[in-house]
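>>> no sequence on hand, only this structure:
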């Protein structure tokens, strides 16, 4: 079993839809949970991160972490065509300098 | 915001040649930098952790003699792919952690290098 599992999609939705992206993981030592957005042949950019369990909201984006189920989610409300990209979940331990372990990424396409 | 500059963005080379990729932190110092490789429709796979002034730590399965990493200063790490072969063709991405501290938001990524070996 890979440390981080993420359905690669692709996921196609109409503009305005609510998008749900998910990852599962196996390493209980993970403490930081991140969502990155990556455009084709570009480096990933950090969207949101959560430390330990709980929810975090930033504008149209909501990140949820359920450590008991080893399951994290990213919700995008009122999706826009500009949200079309690949979304990568990533995780790391609590120690500074720990490398990130990434999911495979889910490709999202929002049509107008 | 902080910027990590990665060069070149794209390189095409002949099999057997060596290619050097540079990763620079432009407005912060980075004691630690990470090198990732990404194949099409795959996740970023950590290759090695680069620490300024010391030897890099390689992940299992990554050949240290093939992927030479030099982190000679607090703002520059280089990855050299030696004697490149077509199977080394991939997208290579570096990331740098701001030494001034902070959380995960202080980890910044370069824009990546697409290596194509003919």
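Okay, I see it. For clarity, every value in this text was computed on a predicted model and none was experimentally measured.

>>> low-scoring stretches of chain A, by residue?
A:1, A:96-97 (pLDDT under 70).

>>> where does it get nearest to chain B, residue-wise?
Scanning chain A for the residue nearest chain B gives residue A:43, at 3.7 Å (criterion: C-beta to the nearest C-beta). Every C-beta, even on glycine, is put in place using the N, C-alpha and C of the backbone.

>>> what is the neighbour count of that residue?
Neighbourhood size, residue A:43 [other C-beta atoms under 10 Å in any protein chain shown]: 22.

>>> need phi/psi at the residue lying closest to it once chain neighbours are set aside.
Spatial nearest neighbour of residue A:43, chain neighbours left out: residue B:109 (3.7 Å); criterion: C-beta to C-beta, 6 or more residues apart in numbering or on different chains. The phi and psi torsions at residue B:109 (degrees, to the nearest 10) take the values phi -110, psi 150.

>>> hang on, the earlier thing: just checking, the residue of chain A closest to chain B touches residue B:93?
Yes. When contacts are counted by C-beta atoms under 8 Å, residue A:43 is listed as touching residue B:93 (5.4 Å).

>>> who touches both of these two?
Common contacts of residue A:43 and residue B:93 (C-beta atoms under 8 Å, 6 or more residues apart in numbering or on different chains): B:6, B:109, B:110, B:112.

>>> neighbour-wise, which of these leads?
residue B:110 (28 neighbours).

>>> which secondary structure element contains the residue nearest to that one when sequence neighbours are not counted?
Distances taken as C-beta to C-beta, 6+ apart place residue B:6 nearest to residue B:110, at 3.0 Å, with adjacent residues excluded. Using DSSP states H and E, residue B:6 sits in strand B:4-7.
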